[in-house]
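Engineer: sequence first, predicted model second:
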Amino acid sequence: MKFLHLSILAIACVSYTVASILKRDFSTTIFTPPSSYQVPRTLYARSLMLTVNDASGTLLSTWENYSGGVTWFPIYRSSNHGQTWSPLSKVTDQVNGWGLRYQPILYELKQDLGGYKAGSILLAGNSIPADLSATKIDLYISTDKGLTWKFLSHIAEGGEADPVNGKTPVWEPFLMVYNNQLHCYYSDQRDPKHGQKLVHQSTSDLKAWSSVVDDVTDSDYTARPGMPTIAQMGNGKYIMTFEYCGTRNCDVYYKITTDPTSWDNVAPTQLIARDGTAPYSSPFITWTPIGAQSGSSGAKTANGTVVANAYSDGSLYVNKQNGDPNAWTRISTSSPGQYSRSLAVGFNPKDIVIVGGGALNGNNNVVSLYARDVNGCSYCT
Ligand SMILES: *[C@@H]1O[C@H](CO)[C@@H](O)[C@H](O)[C@H]1NC(C)=O
Ligand SMILES: *[C@@H]1O[C@H](CO)[C@@H](O)[C@H](O)[C@H]1NC(C)=O
């Protein structure tokens, strides 16, 4: 509310800025669920901009669809940089008979891998039966830009989908290719030494997965680091954000490493903005090559801009110094805080695409997109 007020002031005062703000920063609804869906109806939305053999910046989106029964991940597409959306396909469970229920992530292969061409689209998500009695992180692929989907492999298998210490589910996959392997990062409750920890597994052929490697562990059993997402920064290093639940209020923490298959020995740093704000719960991170301090030309700089967010507010947290702990600036957006809303770099790399599915237990959730220019900063502080 406070920030909405500020942006209205800026619009009222500076007419030149008005046009550019309105043009660059826009929002739209991707999908409105019928009221017959089970609350929260939609949640945990993700987006992907296609860049391989696609010069027009096609966007795909998917989310958790709370309709009951054997669920699937809907795939919607926008061919005009997110202004309008229509249904394209759905990713259905082809192997477990359970449905694809929670925590989808989309990823485009930028290189050939495992016998699949660059431009193939991967989706990982949590297959869970309607009674929530088991969890499986499964991998699917589309070789036709999202139209049809094929099961590839089971990545990890866990127990009941209940985020309580002592239960053994797996959660929240995130995909990234590094060094000719696909890596799947996720939250893991199966280790009796940890209420929850963050781990990854790797594959060269998209089918056979390595054993589990620890990424974030805590000697206190009750700690629950969760929801890993990763971006490569301007200096080539990788940054992973996660929520630190159980012992630390779900505050957002991050680690930085040169080798994204090796995190466990890096000490976590809390993300605290220069204005003192400490965001918490279900963060997401991305990076854009844009990084000018002022003006709207969209100049690229060596560092570019690291961009993070969290459920605790609608802001973006930007860092133009490769994740330096003293260089996080909070900038407003018109998005409300939404549970695990995703960030992606838009067609114009100064536009960050924020796609969310609403609030935990929200009664009025829709899937929405907010585009936020992180370069011009006409009304950032
Ligand atoms: C969500 O699931 C319900 C029933 O399983 C289905 O009728 C509906 O079409 C799905 N929504 C989308 C957007 O796919
Ligand atoms: C780029 O990041 C480094 C830290 O990695 C920092 O020292 C430097 O000031 C940054 N450059 C700019 C232009 O902000």
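Structural biologist: Okay, I see it. Residues are numbered from 1 along each chain as shown. Ligands and ions are numbered 1, 2, ... in the order given.
Engineer: when you work out contacts or count neighbours from here on, use the C-alpha atoms and nothing else.
Structural biologist: Fine.
Engineer: residues from the stretch 251-381 of the chain in reach of ligand 2?
Structural biologist: For the stretch 251-381 of the chain, the contact set with ligand 2 under CA under 6 Å from any ligand atom comprises 303, 320, 321, 322.
Engineer: buried ones among those?
Structural biologist: Buried by 16 or more other CA atoms under 10 Å: 303, 320, 321, 322, out of these.
Engineer: before we move on, the earlier item: ligand 2: which of the residues of the stretch 251-381 of the chain next to ligand 2 is nearest?
Structural biologist: Ligand 2 lies nearest to residue 321 out of those, by CA to the nearest ligand atom, at 3.5 Å.
Engineer: and the closest one, what does it touch?
Structural biologist: Contact analysis of residue 321 by CA atoms under 8 Å, 6 or more residues apart in numbering lists 303, 305, 327.
Engineer: show me what contacts the last one?
Structural biologist: By CA under 8 Å, 6+ apart, the contact list for residue 327 reads 273, 274, 319, 320, 321.
Engineer: re earlier: which of the residues of the stretch 251-381 of the chain next to ligand 2 sits closest to residue 152?
Structural biologist: The nearest member of those to residue 152, counting by CA to CA, is residue 322 at 35.1 Å.
Engineer: pretty sure that closest one contacts residue 235?
Structural biologist: Yes. Between residue 322 and residue 235 there is a contact at 6.8 Å, judged by CA atoms under 8 Å.
Engineer: overlap of the contact sets of those two?
Structural biologist: residue 303.
Engineer: ok so, going back, JSON lines please, covering the residues of the stretch 251-381 of the chain next to ligand 2 and showing secondary structure and distance to residue 240.
Structural biologist: Output for those, formatted as JSON lines (DSSP: H, G, I helix; E, B strand; the rest coil; distance: CA to CA, whole Å):
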{"residue": "303", "secondary structure": "strand", "distance to residue 240": "17"}
{"residue": "320", "secondary structure": "coil", "distance to residue 240": "16"}
{"residue": "321", "secondary structure": "coil", "distance to residue 240": "15"}
{"residue": "322", "secondary structure": "coil", "distance to residue 240": "12"}
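Engineer: quickly note the distance from the nearest residue to residue 361 once chain neighbours are set aside to ligand 2.
Structural biologist: Once flanking residues are discounted, residue 361 sits nearest to residue 40: 4.8 Å by CA to CA, 6 or more residues apart in numbering. Here the criterion is CA to the nearest ligand atom, to the nearest Å. By it, residue 40 lies 41 Å from ligand 2.
Engineer: in stretch 314-327, what counts as buried?
Structural biologist: 314, 315, 316, 317, 318, 319, 320, 321, 322, 323, 327.
Engineer: where does pLDDT dip in this protein?
Structural biologist: Where the chain drops to pLDDT under 70, the residues are 1-24, 292-300, 376-381.
Engineer: need the residues of it near ligand 1, please.
Structural biologist: Residues of the chain lying near ligand 1 (CA under 6 Å from any ligand atom): 65, 67, 71, 74.
Engineer: circling back to that earlier point, my guess is the residue nearest to residue 361 contacts residue 360. True?
Structural biologist: Yes. Residue 40 lies in contact with residue 360 (CA under 8 Å); the separation is 6.5 Å.
Engineer: and these two? Which one has more around it.
Structural biologist: residue 40 (22 against 17; other CA atoms under 10 Å).
Engineer: can you tell me the SS state at that one?
Structural biologist: For residue 40, the assignment made with DSSP: H, G, I helix; E, B strand; the rest coil gives coil.
Engineer: do you know how far it is from ligand 1?
Structural biologist: 12 Å.
Engineer: again with residue 121
Structural biologist: Relative to ligand 1, and taking CA to the nearest ligand atom, residue 121 is found at 19 Å.
Engineer: what sits against that residue?
Structural biologist: 106, 107, 108, 109, 141, 142, 143, 145, 146.
Engineer: for those, give me JSON lines that also has secondary structure.
Structural biologist: Shown next, in JSON lines, are these (three-state DSSP):
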{"residue": "106", "secondary structure": "strand"}
{"residue": "107", "secondary structure": "strand"}
{"residue": "108", "secondary structure": "strand"}
{"residue": "109", "secondary structure": "coil"}
{"residue": "141", "secondary structure": "strand"}
{"residue": "142", "secondary structure": "strand"}
{"residue": "143", "secondary structure": "coil"}
{"residue": "145", "secondary structure": "coil"}
{"residue": "146", "secondary structure": "coil"}
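Engineer: which among those residues count as buried?
Structural biologist: 106, 107, 108, 109, 141, 142, 143, 145, 146.
Engineer: for the stretch 1-150 of the chain, which segments count as helices?
Structural biologist: 2-13, 15-24 (DSSP state H, counting those that start in this stretch).
Engineer: run through who's touching stretch 95-102.
Structural biologist: 64-66, 69-73, 91-93, 125-130, 151, 172.
Engineer: could you check that stretch and say which residues are buried?
Structural biologist: Buried residues in stretch 95-102 (16+ other CA under 10 Å): 98, 99, 100, 101, 102.
Engineer: how about those in TSV, adding distance to residue 229?
Structural biologist: Converted to TSV, the buried residues of stretch 95-102 look like this (distance: CA to CA, whole Å):
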residue	distance to residue 229
98	26
99	24
100	20
101	19
102	16
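Engineer: relative to residue 248, which of these is nearest.
Structural biologist: residue 102 (24.4 Å).
Engineer: and that closest one, bridged to which residues?
Structural biologist: residue 126 (DSSP bridges).
Engineer: return the distance of stretch 208-227 from the chain's centre.
Structural biologist: From the chain centre to the centre of stretch 208-227 is a distance of 19 Å (CA atoms, centre = their mean, to the nearest Å).
Engineer: need the distance between the two termini of that stretch.
Structural biologist: 23 Å (CA to CA, to the nearest Å).
Engineer: could the buried residues of stretch 95-102 go into a markdown table alongside distance to ligand 2?
Structural biologist: Converted to a markdown table, the buried residues of stretch 95-102 look like this (distance: CA to the nearest ligand atom, whole Å):
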| residue | distance to ligand 2 |
| --- | --- |
| 98 | 46 |
| 99 | 44 |
| 100 | 40 |
| 101 | 40 |
| 102 | 36 |
